[in-house]
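J.: Quick one, structure for this:
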Amino acid sequence: SSGYLNLVNLTKLNSGSIPKNYSDAFDVPPELNRRSKIQEVFSYIREMNLNGKKAVKRIKVMVLGEGEAGKTTLIRRLFRDEYIDGLNERTDGVEINRMELEGIDYNFWDFGGQHVYLNSHSLFFSRRTIFLIAINPVLVRVATNTSAGKPFFEMKSEAMIRRELNLYYNTIQTYAPQSPVLIVSTHGDILTSINTSSSSSSSSNGPDECNRLFESQIAKYMSELSSVNVSTTTATAAADDNNKNDKQQLQYVSIDSKSGAGFANFKALLSQAAKAQEYLRHEIPSSFENLLNYLHSKTDAFYVTSQEFHVIAQQQPEFNLSDENLRSTFLNLYKQWGLIHLLSNGEVVLRPQELTQVMSSVITANSITKEKLKRINSGERGYLYHDRLEEVWDAPVFANLQQSLLKLLHDYKLAFEIFNENGVSAG
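T.: Numbers count the residues shown, from 1 in each chain. All right, here's what the predicted structure looks like:
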């Protein structure tokens, strides 16, 4: 870009003259501002100028919410423009779907809503993420004063709504405090159908009143957050360079997956939030994308060792990253973007979404997996014996990785080593 320094012919530079925020001087992703050596930044820019660069508009969308909030049904409506009832289905771990919208590549991560999975979400959080918090504003009740026991709907209390929102919003604030958040209320048509004859707790609220009451509660919640650490202005304003805001962008939309109501507005807000992200404006070395595509398409392994990665990166002619700074930058950036993951012994996980199998093998709501763990642990609950890890992670893709996977659980505070009275591991 003409507004940035060109380093093709640069041989010497006084690093003291370079601002700490490299993005202010060079056309580089903001992630390079963190813990990157100036030599790595120079190598990165030189690689773009010598061997080409490309715009990559890729973003992750993490869909969070309680079980039966309508997350999976929402995604099916968005992708296929049709209603597929998932009432009797529960997402175990995470499902990933990809779609392109207005030139931006979205990867939707649909997380299981059972609370047992919540602590494992942080493993997959990255800066390049839009978070959707799906909330179902209605409860299904069964009337006890009729012989038929006919079900009816009633609106959730404000306290219940706040508990659900806080559970997920606080997690986002902890791990990705500047990522945009879109609160999506589902089952909109059911909410507007609640009337005085079907709900005892809503006896004073007609159909329109229930909808207005819920939206006023959401507006109140967002208003309280905006006074602390978020901005609830429109995403359009956030995309304007003259209206840059370091606060977290928070939006709200109501949809109904069955009728399709609200989805046009939902897509518009999603697109605006994505286009407002600074990192989508930066180009990256073509060789980096070529290496990523090679690893994903030519390698069917779940992971490669550190040595295997460096051999591949140096020897293939389409990228030929002989500069160690470039290989280090590739690993650093693509890990932060959630496209690879690095384990404790340097293993490069090529399909990080499959790490959900690691989590769901020990942190699960699945009855079959629970029975397996019970058998392995001889009936004990909550323990993970080190000498039986090969039975816990017995899938072929995890071969020889068990110790690294255990370290992963420790690093993300999902498991804690137990010691005996002499300070020796009880594993």
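
J.: Any regions of the chain where pLDDT drops low?
T.: 1-25, 34-36, 86-93, 113-117, 140-152, 193-208, 227-248, 364-366, 379, 427 (pLDDT under 70).

J.: center of it - which residue?
T.: In the chain, the centroid-proximal residue (Cα atoms, centre = their mean) is Met62; its distance is 3.7 Å.

J.: Please name the bridge partners of it.
T.: Beta-bridge partners of Met62, counted by DSSP bridges, are Trp109, Phe131.

J.: Correct me if wrong: it contacts Ala134.
T.: No: at 10.9 Å, Met62 does not count as touching Ala134 under the criterion of Cβ atoms under 8 Å. The way it works is simple: take the backbone N, C-alpha and C, and place the C-beta from them, glycine included.

J.: Assess the claim that Phe288 and Phe330 are in contact.
T.: Yes: counting by Cβ under 8 Å, Phe288 touches Phe330, with 5.5 Å between them.

J.: The longest helix along the chain packs against which elements?
T.: In the chain, taking DSSP state H as the definition, the longest helix is helix 207-226. Contacts defined by 3 or more Cβ pairs under 8 Å, 6 or more residues apart in numbering; DSSP states H and E place helix 207-226 against strand 151-155, helix 158-175, strand 181-185, helix 188-193, strand 248-254.

J.: tell me how far that helix is from the chain's mean position?
T.: Centroid separation for helix 207-226 versus its chain: 26 Å, with Cα atoms, centre = their mean, to the nearest Å.

J.: tell me the angle it makes with strand 181-185.
T.: If you take axes from the mean of the first three to the mean of the last three Cα atoms, to 10 degrees, helix 207-226 sits at 160 degrees to strand 181-185.

J.: that older thread, out of the helices and strands packed on helix 207-226, which one sits most buried?
T.: Neighbour counts (mean count of other Cβ atoms under 10 Å) averaged over each of the helices and strands packed on helix 207-226 peak at strand 181-185, with a mean of 24.

J.: The residue nearest to the centre of the chain and Ile96, how far apart?
T.: Distance of Met62 to Ile96, computed by Cβ to Cβ, to the nearest Å: 10 Å.

J.: What segments of the protein are helices?
T.: For the chain, the helices defined by DSSP H cover 38-51, 71-80, 158-175, 188-193, 207-226, 235-239, 263-275, 286-297, 306-315, 324-336, 355-360, 367-376, 389-392, 402-411.

J.: Distance to His121 added to these, as a markdown table?
T.: Below are the helices of the chain laid out as a markdown table (distance: least, Cβ to Cβ, whole Å):
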| stretch | distance to His121 |
| --- | --- |
| helix 38-51 | 30 |
| helix 71-80 | 13 |
| helix 158-175 | 6 |
| helix 188-193 | 26 |
| helix 207-226 | 20 |
| helix 235-239 | 23 |
| helix 263-275 | 19 |
| helix 286-297 | 23 |
| helix 306-315 | 27 |
| helix 324-336 | 16 |
| helix 355-360 | 9 |
| helix 367-376 | 18 |
| helix 389-392 | 21 |
| helix 402-411 | 14 |
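
J.: between those, which gets nearest to Ser257?
T.: Checking those against Ser257 by Cβ to Cβ gives helix 71-80 as the closest, at 4.3 Å.

J.: Check the burial of the closest residue to Tyr412 other than its chain neighbours by counting its neighbours.
T.: Excluding the flanking residues, the one nearest Tyr412 by Cβ to Cβ, 6 or more residues apart in numbering is Leu123, at 5.3 Å. Here the count is done by other Cβ atoms under 10 Å, and Leu123 has 19 residues near it.

J.: quick one: Leu123 and Trp109, what's the gap?
T.: From Leu123 over to Trp109 the distance is 11 Å, taken as Cβ to Cβ.

J.: tell me the contacts of Glu380?
T.: For Glu380, no residue meets the contact criterion (Cβ atoms under 8 Å, 6 or more residues apart in numbering).

J.: From Leu321, how far off is it?
T.: Counting by Cβ to Cβ, the gap from Glu380 to Leu321 is 48 Å.

J.: how far away is the residue nearest to Gly103 when sequence neighbours are not counted from Ala264?
T.: Distance criterion Cβ to Cβ, 6+ apart; nearest residue to Gly103, sequence neighbours excluded, is Lys57 at 6.1 Å. Per Cβ to Cβ, Lys57 is found 21 Å from Ala264.
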